[in-house]
Every structure is written in structure tokens, then in C-alpha cells.
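*Asks:* model this:
(one chain, ligands or ions: 1)
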Amino acid sequence: MSDKEKLYEGKAKILYKGPRPDTIIQYFKDDATAFNNVKKGTIAGKGIINNKITELVMTRLSQIGIPTHFIERLSDREQLIYEVEIIPLEVIVRNTVAGTMTKTFGIEEGTRLPRPIIEFSLKDDDLGDPLIPENHVLVLGIAEEYEVIEIMEMTSKINDFLRGFFAGIGIELIDFKLEFGRLDDGNDGHFLVLADEFSPDNCRLWDFETGEKMDKDRFRRDLGGEVEAYQEVARRLGVSLELEDPKAEDEE
Ligand code: 5GP
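*Replies:* Got it, this is the predicted structure:
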């Protein structure tokens with residue numbers, strides 16, 4: 001990795017300069033954090049699993065007409081993506097009550113919502129990613145009105161597709177977080193694309209039959225078995241975890 005120019009290191013990923021000016025290499029780490037960095041640890045092999053699950057989900061979403069930043073997977077832990085201007089919003093979809101919603105509104109975890117809720121949080125660790133109303137997003141200039149409309153439409157479509165996608169492998173999609181970015185159209189304009197990742201790190205997945213949690217809540221809540229849970233999600237999705245470059249892993 002040392003020959004690549006590091007642009008940014010986040011909690012779960014590192015971004016390196018890509019081979020072309022408009023590209024970036026996204027490297028998936030095993031590091032796991034929760035509660036805004038208060039809890040830190042690692043989940044062995046998580047980076048490989050999340051890289052490959054993200055590849056699958058981004059590919060399927062582009063097949064249903066969702067533009068994404070994903071270009072191709074390069075290795076066990078790396079994927080090539082387009083460089084985008086990230087909109088600093090966490091777009092959260094809730095199908096069933098869990099996590100923050102349980103705490104904030106005192107509604108029992110597992111309560112199914114009559115229709116999905118889409119909410120925004122400001123992507124700002126120092127402020128603790130606060131919930132932000134749409135009016136604030138517009139008045140503060142975080143996104144334009146047409147962008148908010150497009151984000152809502154794309155997010156609804158993504159949720160409809162992914163609920164069915166996971167239901168097909170016996171998993172209930174409880175909630176998830178998305179990020180969007182502006183991609184240069186090469187003509188002085190831009191269009192919105194889905195960015196970041198989609199993996200058990202940023203969604204809640206419960207087994208339909210047993211209700212067992214198969215996502216980062218196993219780490220957040222000290223339930224144990226996080227490695228096995230992530231591997232099981234990959235297995236059900238038909239994602240091969242066979243290493244393409246075992247030597248690179250030895251050097252980790
Ligand atoms: P909650 O707001 O209940 O903590 O999270 C709702 C959903 O969004 C969960 O699936 C959670 O994993 C995801 N999520 C919320 N905030 C973050 C974040 O800062 N990072 C990641 N990776 N996922 C988040």
C-alpha cells in the first residue's frame with residue numbers, strides 16, 4: 001500500500017489517490033468503532049467482507065438504475081471509485097424501530113413501521129452526527145432542494161430493492177445509512193451518485209426466523225460472534241471470501 005498517496009484515513013476505510021485524476025482507491029480496514037469513536041476494536045476479515053458485499057450491492061443497484069461511485073473491485077480490500085464531492089449528510093432509512101429511534105422515542109426495538117422513515121443526520125463527528133431537519137439542510141446550503149428530492153427518490157428505490165434482496169436470503173433489513181456525492185459530468189455540471197459503502201457496518205440485518213442480529217450491533221452491544229455474523233451474510237449473498245492474494249493478508 002505504501003506506494004499509493006494517502007488522501008484520507010477514516011474509521012473503517014482509507015482513501016488513496018487513484019490511477020486517473022477523477023478516481024480514488026477505497027481500502028477497507030478491519031477497524032471497528034462505535035458510539036462516535038468511544039468504543040474501538042477490530043473485526044477480523046471485516047474489510048474483505050465489506051469490500052465484497054459493497055461490490056455486490058453497488059453492482060445490483062446500478063443494474064436497477066441507481067448511479068453509484070463504484071467502478072470495480074481491485075483486490076481483496078480495495079475498490080476503485082469515482083472521486084465525488086460528498087454531501088455531508090447521513091441518509092438513514094428505518095423500516096423497523098431500532099437503535100437511536102428506540103432511545104429517542106421510547107418505542108420498543110423490533111416494532112415494524114407502517115411505512116419507511118427517511119431521515120437526515122449531519123455528517124459531523126465533532127457534533128455527534130445530529131439529526132437535521134430538511135429545512136435546515138436547505139437554509140444552511142448543505143444541499144439544494146432538487147438534490148434533496150432526488151436523494152429521497154433514490155433512497156426509496158434503494159430501500160424497496162434491498163428489502164426484497166435481503167428477504168430473499170432470509171434476512172430482514174431493519175435500517176441502514178447511505179451517503180451521496182456529486183460527480184462531475186465533465187460539462188461544468190454534476191449529478192448525484194450513491195457513495196461510501198453498503199455493508200453490515202452501516203445497516204441492521206436480522207435473521208427472519210431467529211431474529212438474530214447479523215450486523216455491527218454484535219460489536220456495539222458486545223454480543224460476540226461478529227466475525228461469524230458478517231461471514232454468514234456474505235455466504236447467504238453468495239459472496240466468495242476466498243482470498244485472491246493471501247500473501248497481502250500475511251503482510252497485514
Ligand atoms: P442509529 O441512528 O439507529 O444508530 O442507526 C441507524 C442505521 O444507520 C444503523 O443501521 C447504523 O448502522 C447506521 N448508521 C448510523 N450512523 C452511522 C455512522 O455514523 N456510521 C455507520 N457506519 N453507520 C451508521
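*Asks:* if I pick the closest residue to the ligand within the chain, what's in contact with it?
*Replies:* In the chain, the residue that lies nearest the ligand is residue 99 (2.3 Å; C-beta to the nearest ligand atom). Heads up, the C-betas are built off the backbone N, CA and C, glycines and all. By C-beta atoms under 8 Å, 6 or more residues apart in numbering, the contact list for residue 99 reads 109, 175, 204, 217.
*Asks:* please name the nearest non-neighbouring residue to the second one.
*Replies:* Counting by C-beta to C-beta, 6 or more residues apart in numbering, residue 175 lies nearest to residue 94, which is 4.4 Å off, once chain neighbours are set aside.
*Asks:* which SS state does residue 209 fall under?
*Replies:* For residue 209, the secondary structure call by DSSP: H, G, I helix; E, B strand; the rest coil comes out as coil.
*Asks:* so for it, what's the pLDDT?
*Replies:* For residue 209, the model assigns a pLDDT of 97.
*Asks:* distance-wise, check it relative to residue 227.
*Replies:* 21 Å (C-beta to C-beta, to the nearest Å).
*Asks:* can you check residue 133 too?
*Replies:* Distance, residue 133 to residue 227, by C-beta to C-beta: 38 Å.
*Asks:* more neighbours: which of those two?
*Replies:* residue 227 (17 against 10; other C-beta atoms under 10 Å).
*Asks:* what packs against the host helix or strand of the more buried one?
*Replies:* Using DSSP states H and E, residue 227 falls within helix 226-237. With contacts taken as 3 or more C-beta pairs under 8 Å, 6 or more residues apart in numbering; DSSP states H and E, helix 226-237 sits against helix 46-63, helix 217-220.
*Asks:* just how off-centre is that helix within its chain?
*Replies:* The chain centre lies 16 Å from the centre of helix 226-237; the measure is C-alpha atoms, centre = their mean, to the nearest Å.
*Asks:* same deal with stretch 154-170?
*Replies:* 14 Å.
*Asks:* in it, what's buried?
*Replies:* Neighbour counts over stretch 154-170 (16 or more other C-beta atoms under 10 Å) mark 154, 155, 158, 159, 161, 162, 163, 165, 166 as buried.
*Asks:* just stretch 206-224 next, same as before
*Replies:* 206, 207, 213, 214, 215, 216, 217, 218, 219, 220.
*Asks:* okay, now that stretch: how far is its last residue from its first?
*Replies:* 15 Å (C-alpha to C-alpha, to the nearest Å).
*Asks:* ok, and the closest non-adjacent residue to residue 89?
*Replies:* Take residue 89 and drop its neighbours on the chain: the residue closest to it by C-beta to C-beta, 6+ apart is residue 120, 4.9 Å away.
*Asks:* and what of residue 67?
*Replies:* Nearest residue to residue 67 in three dimensions, chain neighbours excluded: residue 193, at 4.5 Å (C-beta to C-beta, 6+ apart).
*Asks:* can you tell if the strand or helix carrying the one you found touches the ligand?
*Replies:* Taking DSSP H and E as the definition, one finds residue 193 inside strand 190-195. No. Using C-beta under 6 Å from any ligand atom, strand 190-195 never reaches the ligand; the gap is at least 12.9 Å.
*Asks:* list the buried ones in that strand?
*Replies:* 192, 193, 194, 195.
*Asks:* where's the third one relative to residue 24, distance?
*Replies:* By that I understand residue 194. For residue 194 relative to residue 24 (C-beta to C-beta), the value is 15 Å.
*Asks:* ditto for the second one
*Replies:* Residue 193 sits 13 Å away from residue 24, taking C-beta to C-beta as the criterion.
*Asks:* overlap in contacts, these two.
*Replies:* Common neighbours of residue 193 and residue 24 (criterion: C-beta under 8 Å, 6+ apart): residue 82.
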